[in-house]
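Participant: No letters, just coordinates:
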């Protein structure tokens, strides 16, 4: 009896020792300033900036690579690797003066050859993987002298400057997939898949240097343990937390509110029955109570929108469209009856299950549609299945997602609704729209172009291309030890503006 | 010798079957690796080019044969989503999951065998009843849930570790083991409960056998009989159970890795499945299957070592 009790004791004591032995061992505080930032998905693409496609990758690469111009936090394009640029009056010739004394992270000096090489590399139509979406219609890219690069276009394109944010990489880099060499305020240090992606401040940066020496990006794929990791102190910052998560954060955190800059909508397959009938689509628009969606899913945060454009687009955005379809159940029923669906119908909404914010909105919409007799069934699918089935395969009836823009050119939101566009996954087909769009891209007059783009937006709203909902509110959790976070109207996280608060 | 040869052949056939089924699964489920990699910016031309590059346009059987041949030569191929070879990707992750599984198995052995002996010896006592009740509760709690409770208790309240503060073994081995200690508890807990219960009932059963009574009647000390004779006989089913538990724990760690944000094999497997990164998934699944098969083989050997009767039968056949 005695021996067995002592045996038990030994087990308990050794367990307790093991527990305390491995506790409390705080790692020695280094003098180097650093921050750990959570990211929802790993940086999975190659280190080649021209191959980066995931929004989560591009927003990080913003800190490592730079183009001739880059967006500031208001979305205006400011000179970056080009110290100056001029655009010919006919908007076909863009002349860039390359900034003096810019060095790549490898120590190599930036030359016009690197610029010409990079721009040619990502505008070559024979290499569809490297080709950047807007880099078409280029006549020639050439160096005029040691510090000037001239880009000539086949046709005038007022939005072309937006494409000049394309990363410039050195010609001498033979393996851009695995060797990172950029000019940004941070340089790449290491990447351990699913674990961490480490950046270090680049001391010889040409512009205003970053404040924090070391930035570690940590993958936090599990939304449930995220709050625990933030409160526990293993992550200092996380962008795009939900309002529920934000409520659970401890006093150590500031929650900053911005907008996600995307167009969240119930996207409808305009070629599938019954959505090929404009009255049915309009009926759904009337049946949905947008304010109620915002109240139920995000405590009223977010901006209601009525077309494929969000407020950050400034002059292109039309606020008046946001209440074009007020909540009106009777009108919705009347429209449905007119279209021959007085008894309603059944359809399926496919939603990528990893996006909680879209799943929640889909649920509220499905509930609201019951009032007009429409039975919407929600089918949760994986993001990869969404990409292949819904987006590429166009095999769906309705889907709730948010579409973002890669640049602040109106075309990046509106191009896809042209009837023959390869990204027109909603199969929107309207000759009036195509005409208005081509009028917008062909004119060089800014006022007329803006007017034509607005015409496009209005057509989308009037023909109820999709059930537009909102530009979601974005919450950023930032430990009170840090400050300086800036919201961008695009998918960008600028680490260089972050700094440590002196206590 | 014939016996060993036949055994190895069955093992290889099992592996072949597993690999074929997994490969088949990926051709059936929706999702395309090229589209998954290119995302919403994909143009049809880019998708086509990438599909060609990944060799996805070839017929299913050709792709399978190709994979099998290079796998047999030890070449796991390249990951679709990471620009690195599958072998490099996994080699970094194996020590993490392995360390966690070994730690849990050590906990199971160290804790459950003494506890099992104690409860069997003091059958019906208050402590026995208490442990019995506790066992029932712990057995019913799945590791991911006990993981959350452990994080809450040791991480948030007692601050013994930082939740999500995983430290890589390349930078700090003590910190690494210290962090893995807690998820290991989560994995080990239900298995400990099961082992204690199993050992207790086995011991009580064996205690009633004639040989035990004979040993007692010859004046042996209670403890001596229990540890020397009864335990040895009761251990056979326990070893089978531990072997199964070990393979089960490697699979179970996939869930626990998520709860504790550990970038091990499980995390890689999950993301690779969703990214349709077949080369990685194939390598992980086939290697896990191989581990299960090998562990079962090892159990057979331990069996023979403990129980000579099995050894003799094996030699006869």
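Facilitator: All right, it came through fine. Given the structure is predicted, the values throughout are model-derived calculations rather than measurements.

Participant: can you list the residues of the stretch 151-300 of chain B near chain A?
Facilitator: With CB under 8 Å from any CB of the partner chain as the criterion, the stretch 151-300 of chain B meets chain A at residues B:151-152, B:154-156, B:158-168, B:172, B:174-175, B:177-179, B:181, B:223, B:258-261, B:263, B:267-268, B:271, B:274-276. Placement of C-beta: from N, CA and C, glycine included.

Participant: what separates residue B:13 from chain A, distance-wise?
Facilitator: Look at residue B:13 and chain A: by CB to the nearest CB, to the nearest Å, they are 32 Å apart.

Participant: so that residue, which of the three states?
Facilitator: helix (DSSP: H, G, I helix; E, B strand; the rest coil).

Participant: and it, how many neighbours does it have?
Facilitator: Using other CB atoms under 10 Å in any protein chain shown, the number of residues around residue B:13 comes to 10.

Participant: per-residue pLDDT, it?
Facilitator: Here the pLDDT value assigned to residue B:13 is 89.

Participant: for the one 4 residues further on, same thing?
Facilitator: Per-residue confidence (pLDDT) for residue B:17: 92.

Participant: Likewise for the one 3 residues further on?
Facilitator: What the model reports as pLDDT for residue B:20 is 93.

Participant: so who does it touch?
Facilitator: Remark: with contacts taken as CB atoms under 8 Å, 6 or more residues apart in numbering or on different chains, residue B:20 is in contact with residue B:64.

Participant: and it, what helix or strand is that in?
Facilitator: helix B:2-28 (DSSP states H and E).

Participant: which is the next helix or strand following that helix?
Facilitator: Past helix B:2-28, heading to the C-terminal end, the next element that is a helix or strand (DSSP H and E) is helix B:33-38.

Participant: Pass me the low-pLDDT residue ranges in chain A, would you?
Facilitator: Of all residues in chain A, those with pLDDT under 70 make up the ranges A:1-31, A:45, A:503.

Participant: Show me how it divides into domains.
Facilitator: The domain map for chain A lists A:2-181+A:474-500, A:263-471, with the assignment taken from automatic domain parsing.

Participant: Take these and write them to a markdown table, including mean neighbour count and distance to chain B.
Facilitator: Putting these into a markdown table (neighbours: other CB atoms under 10 Å in any protein chain shown; distance: least, CB to the nearest CB, whole Å) gives the following:
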| stretch | mean neighbour count | distance to chain B |
| --- | --- | --- |
| domain A:2-181+A:474-500 | 17 | 3 |
| domain A:263-471 | 19 | 4 |
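
Participant: I'd like to know which of those is closest to residue A:220.
Facilitator: Each of the domains of chain A was scored for nearness to residue A:220 using CB to CB, and the closest is domain A:2-181+A:474-500 (4.2 Å).

Participant: How about the contacts made by residue B:85?
Facilitator: Residue B:85 makes contact with B:76, B:77, B:78, B:79, according to CB under 8 Å, 6+ apart.

Participant: change it to 10 Å
Facilitator: Going by CB atoms under 10 Å, 6 or more residues apart in numbering or on different chains, residue B:85 touches B:75, B:76, B:77, B:78, B:79, B:91, B:279, B:283.

Participant: Now do the phi/psi pair for the first one.
Facilitator: Main-chain torsions, residue B:75, degrees, to the nearest 10: phi -100, psi 110.

Participant: ok, back up a step: which among the contacts of residue B:85 count as buried?
Facilitator: Burial of the contacts of residue B:85 was assessed by neighbour count (16 or more other CB atoms under 10 Å in any protein chain shown); the buried members are B:76, B:77, B:78, B:79, B:279, B:283.

Participant: Just the element for residue 250, please.
Facilitator: This is for chain A. Per DSSP H and E, residue A:250 falls between elements, in no helix or strand.

Participant: actually it's chain B I care about, not the one you picked
Facilitator: Using DSSP H and E, the secondary-structure element containing residue B:250 is helix B:231-259.

Participant: Can you name the next helix or strand after that helix?
Facilitator: As assigned by DSSP H and E, the chain's next helix or strand after helix B:231-259 is helix B:265-274.

Participant: What is the neighbour count of residue B:306?
Facilitator: By other CB under 10 Å, 13 other residues sit near residue B:306.

Participant: Quick check: end-to-end length of stretch A:151-162?
Facilitator: 13 Å (CA to CA, to the nearest Å).

Participant: And stretch A:382-390, by the same measure?
Facilitator: End-to-end distance for stretch A:382-390: 11 Å, by CA to CA.

Participant: and if you look at stretch A:296-304?
Facilitator: Across stretch A:296-304, the straight-line distance between its terminal residues is 14 Å, by CA to CA.

Participant: Output the domains of chain A as JSON lines; include the columns distance to residue B:138.
Facilitator: Output for the domains of chain A, formatted as JSON lines (distance: least, CB to CB, whole Å):
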{"stretch": "domain A:2-181+A:474-500", "distance to residue B:138": "15"}
{"stretch": "domain A:263-471", "distance to residue B:138": "32"}
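
Participant: show me where pLDDT drops low in the stretch 201-317 of chain B?
Facilitator: Low-confidence regions of the stretch 201-317 of chain B, defined by pLDDT under 70, span residues B:308-317.

Participant: Okay, helices next: where are they in chain A?
Facilitator: Remark: helices assigned in chain A by DSSP state H are A:2-21, A:55-61, A:112-121, A:160-163, A:223-232, A:243-247, A:278-287, A:290-298, A:329-338, A:356-369, A:383-385, A:411-414, A:431-442, A:446-462.

Participant: I'd like to know which of those is closest to residue B:110.
Facilitator: Proximity to residue B:110 (CB to CB) singles out helix A:2-21 among the helices of chain A, at 6.8 Å.

Participant: In contact with the nearest residue to residue A:229 once chain neighbours are set aside: list those residues for me.
Facilitator: Leaving out its chain neighbours, the residue that sits closest to residue A:229 by CB to CB, 6 or more residues apart in numbering or on different chains is residue B:164, at 3.2 Å. With contacts defined as CB under 10 Å, 6+ apart, residue B:164 is in contact with A:36, A:38, A:218, A:220, A:222, A:225-226, A:228-235, B:151, B:155, B:179, B:259-262.

Participant: Okay then, goodbye and thanks.
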